[in-house]
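Chemist: let's see this in three dimensions:
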Amino acid sequence: MKASSRGGPGAHGAAANFMRDEQGSATVFAFFIFITMLIMGGFALDTMRHESERASLQATLDRAVLAAASAADEAQAREIIEDYFDKAGKTDYLLAEQDGDISVTLNSARITARAQTTIDTYLMKLSGVETLSVAGLSTAEVRIPKLEVVLVLDVSGSMASNNKIVNLRTAAKEFVTTVLGNSTPGDTVISIVPFSFSVSPPLSVYNALAVNETHDYSTCLEFADNDYTHATLTSGSSSLSSGIPVNQMIYTSVYGSFDNLNQSWRSCYNDDYMRILPYSTSVAELHSKIDALQPDGNTSGNEGMNWGAALLDPTFRQVTSAMIAAGDLSDPNLITVPADYGDPDTLKVIVFMGDGANTTSYFFDKSPPKYRGPNSDLYEVRYQDRVFKYAYNKKNVDRRLYGSDGLSKCGNNRWVCIYEASGPEKSVFYLYSPRYNDYYAIEDGEFLSVSEFNDLPATLDGYISTTQLSWEVAWGLMSPDYYREITGVSDAWNDYIGSEFVDGSKKNTLMQSVCSATKREGVVVYSIGFEVPVGGTAETELTKCATSVSHYYRAQGTNISSAFSAIAANVKHLRLTQ
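Modeler: Residues are numbered from 1 along each chain as shown. This is a model prediction of the structure:
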């Protein structure tokens, strides 16, 4: 039987050929797939490398601009950015600064930086892509729009030594220029509180407060111990005052002749250079105030801080409103100043500069008030100059004589001389001595008996009236030393000097109390010890008053400018990171 051709040797050869052809195609396809996967993997690898480099570049940019946002000025901001890139080994990546990239003010900063580089590809080269560009841009913008600053400045007599007042003026003006010059107009207000024996508010502030007024000599106020336990000034309708007016401080001087109390021992300084300047937004006005500062008197840092705290307390808006209504503050936008505590858009700062420890102040006893209140030993007698008009005969009123003829009849009891007032009313003063029971005519320098004094209505030409002055008015005309000298009575002197005085230790306690009170409300307190002994009482108290030890600065000579400059920079940092 003839064998079938199916499955024969010829068939096997064809199948083998077919298989060889198919294997070749599969090899080519597999190779194609391999190459494709390799290219795709290369793309992924190069893409991952690109993203990694981009992320690293962007992270460097982000860190750099955030750090630069706290710079003091544009140049320093750029230096910080360049330093970050240098430390990251990417100096060549940073692009040149463009106009508008960096804007730095005291209350805002907008920082933009750009960087770019290229990386060589690995497998993307197979598709003709030799390099990949990596670029980044980052912007940091921070802003705290409002700043309330109070400069509490020691202008006691010791500031006259070693050119300290001159150096203070320079430093304080530089601070004002920096703070206001780099702020958006209206966003920053600065108040200046000079202090020595006491603090003198301007009449605009004084008139806005509820005051138990007892004289017209000055605007200084007398606070009770409890008034230092909180930042609110207890006057008028404030929440802590209960509507009770604050007492007016007696105006006098330890030493001084009559109506001449311009001594360094005055209880209050009513000179313009000693008055508070509240809520100014003007560099020129603030500079003028600082230039006018003059040193005199003892030191009462407690009063300086009490007023500084009050000027930042929200309840003082009642005073601000009254000042605006009276035309004493020209900017109506100040009606929102001081802002509420905790306002996220406002930073409140006190810069407290002292050049020595607190010293003693003197007061007349309030209980018992022997030398306070009505009925002092000083009398004011008012009279008015008169000029002769004519004389008439008592028996014939129509017979009148004028001029020298009439004057010659004035001593004749048959004639009546008529005078008329000429010029303003005048005053002369008489001081009674309880010891000698007589009156001293201050203008004439003569002593009068009680009967002679009582006869003044008849003997003083042009007599109008006699007024027994209150002690508060009397002390504004004479010192306790003058009273002692004329009357021979030392009680008033001893009362003022040795009875109800407030010494430095008590002032330290009061000062720390109000420092703590204003800090509890979130006010940042910086302090400067200007040429104070290291570790002494002044430095200890100034350090305690500051927000922290790092908020206290020592200063010597002209480097007080460095202290104020450092505080200005620190304030900027706080505003940008608050």
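Chemist: below-threshold pLDDT in the stretch 451-578 of the chain: ranges please.
Modeler: Across the stretch 451-578 of the chain, residues meeting the criterion (pLDDT under 70) sit at 573-578.
Chemist: which residues in it form helices?
Modeler: Per DSSP state H, counting those that start in this stretch, the stretch 451-578 of the chain carries helices over the ranges 456-459, 471-475, 480-487, 491-498, 504-520, 537-545, 560-577.
Chemist: output the ones you listed as CSV; include the columns mean neighbour count and distance to Thr219.
Modeler: C-beta: built from backbone N, CA, C; applies to glycine. CSV is the format used below for those (neighbours: other C-beta atoms under 10 Å; distance: least, C-beta to C-beta, whole Å):
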stretch, mean neighbour count, distance to Thr219
helix 456-459, 12, 34
helix 471-475, 23, 14
helix 480-487, 20, 22
helix 491-498, 17, 21
helix 504-520, 20, 20
helix 537-545, 20, 25
helix 560-577, 20, 28
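Chemist: could those go into CSV alongside distance to Met159?
Modeler: Below are these laid out as CSV (distance: least, C-beta to C-beta, whole Å):
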stretch, distance to Met159
helix 456-459, 47
helix 471-475, 27
helix 480-487, 25
helix 491-498, 24
helix 504-520, 17
helix 537-545, 13
helix 560-577, 11
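Chemist: what's the closest of those helices to Ala391?
Modeler: helix 456-459 (19.4 Å; C-beta to C-beta).
Chemist: distance of Cys545 from Thr518?
Modeler: Counting by C-beta to C-beta, to the nearest Å, the gap from Cys545 to Thr518 is 9 Å.
Chemist: for the helices of the stretch 451-578 of the chain, which one sits closest to Asn306?
Modeler: Among the helices of the stretch 451-578 of the chain, if distance is taken as C-beta to C-beta, the winner is helix 504-520, at 5.0 Å.
Chemist: quick one: what helix or strand has the residue nearest the centre of the chain in it?
Modeler: For the chain, Val150 is the residue whose C-alpha lies nearest the centre (C-alpha atoms, centre = their mean; 0.7 Å). If you go by DSSP states H and E, Val150 is part of strand 146-154.
Chemist: how about low-confidence regions in this protein?
Modeler: Across the chain, the ranges flagged by pLDDT under 70 are 1-44, 46, 106-107, 123-124, 126-127, 143-145, 234-243, 573-578.
Chemist: quick check: longest strand of it.
Modeler: The single longest strand within the chain, with elements called by DSSP state E, is strand 415-433.
Chemist: what residues sit buried inside that strand?
Modeler: Buried residues in strand 415-433, defined by neighbour count with 16 or more other C-beta atoms under 10 Å: 415, 417, 429-433.
Chemist: now do stretch 370-378
Modeler: 371-372, 376-378.
Chemist: I'd assumed Asn247 was in a strand, is it?
Modeler: Yes - secondary structure of Asn247 (DSSP: H, G, I helix; E, B strand; the rest coil): part of a strand.
Chemist: for the residue lying closest to it once chain neighbours are set aside, give me its contacts.
Modeler: Ranked by C-beta to C-beta, 6 or more residues apart in numbering and with sequence neighbours excluded, the top spatial neighbour of Asn247 is Glu222, at 4.5 Å. Glu222 sits next to 246-250, 363 when contact means C-beta atoms under 8 Å, 6 or more residues apart in numbering.
Chemist: make JSON lines out of those residues and add distance to Ile276.
Modeler: Formatted as JSON lines, the contacts of Glu222 follow (distance: C-beta to C-beta, whole Å):
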{"residue": "Val246", "distance to Ile276": "15"}
{"residue": "Asn247", "distance to Ile276": "18"}
{"residue": "Gln248", "distance to Ile276": "16"}
{"residue": "Met249", "distance to Ile276": "15"}
{"residue": "Ile250", "distance to Ile276": "20"}
{"residue": "Phe363", "distance to Ile276": "21"}
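Chemist: ok, so of these, who is nearest Asn306?
Modeler: Closest to Asn306 out of these is Val246 (11.1 Å), distances taken as C-beta to C-beta.
Chemist: okay but the closest one is in contact with Asn226, surely?
Modeler: No - counting by C-beta atoms under 8 Å, Val246 sits too far from Asn226 to count as a contact (11.7 Å).
Chemist: which of those two has more neighbours?
Modeler: Val246 (20 against 10; other C-beta atoms under 10 Å).
Chemist: got a list of what that one touches?
Modeler: By C-beta under 8 Å, 6+ apart, the contact set of Val246 is 209-212, 221-223, 227, 233-235.
Chemist: in a markdown table: those, plus secondary structure.
Modeler: Below are the contacts of Val246 laid out as a markdown table (three-state DSSP):
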| residue | secondary structure |
| --- | --- |
| Leu209 | coil |
| Ala210 | coil |
| Val211 | strand |
| Asn212 | strand |
| Leu221 | strand |
| Glu222 | strand |
| Phe223 | coil |
| Asp227 | helix |
| Leu233 | coil |
| Thr234 | coil |
| Ser235 | coil |
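Chemist: using JSON lines, lay out the residues you listed together with distance to Gly403.
Modeler: Formatted as JSON lines, the contacts of Val246 follow (distance: C-beta to C-beta, whole Å):
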{"residue": "Leu209", "distance to Gly403": "57"}
{"residue": "Ala210", "distance to Gly403": "58"}
{"residue": "Val211", "distance to Gly403": "54"}
{"residue": "Asn212", "distance to Gly403": "55"}
{"residue": "Leu221", "distance to Gly403": "57"}
{"residue": "Glu222", "distance to Gly403": "58"}
{"residue": "Phe223", "distance to Gly403": "63"}
{"residue": "Asp227", "distance to Gly403": "66"}
{"residue": "Leu233", "distance to Gly403": "64"}
{"residue": "Thr234", "distance to Gly403": "65"}
{"residue": "Ser235", "distance to Gly403": "61"}
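Chemist: thinking again about what came up before, overlap in contacts of Cys545 and Thr518?
Modeler: Taking C-beta under 8 Å, 6+ apart as the contact criterion, the residues that touch both Cys545 and Thr518 are 305, 525.
Chemist: which one of the contacts of Val246 sits closest to Met48?
Modeler: Here the nearest of these to Met48, counting by C-beta to C-beta, is Leu233; it sits at 65.9 Å.
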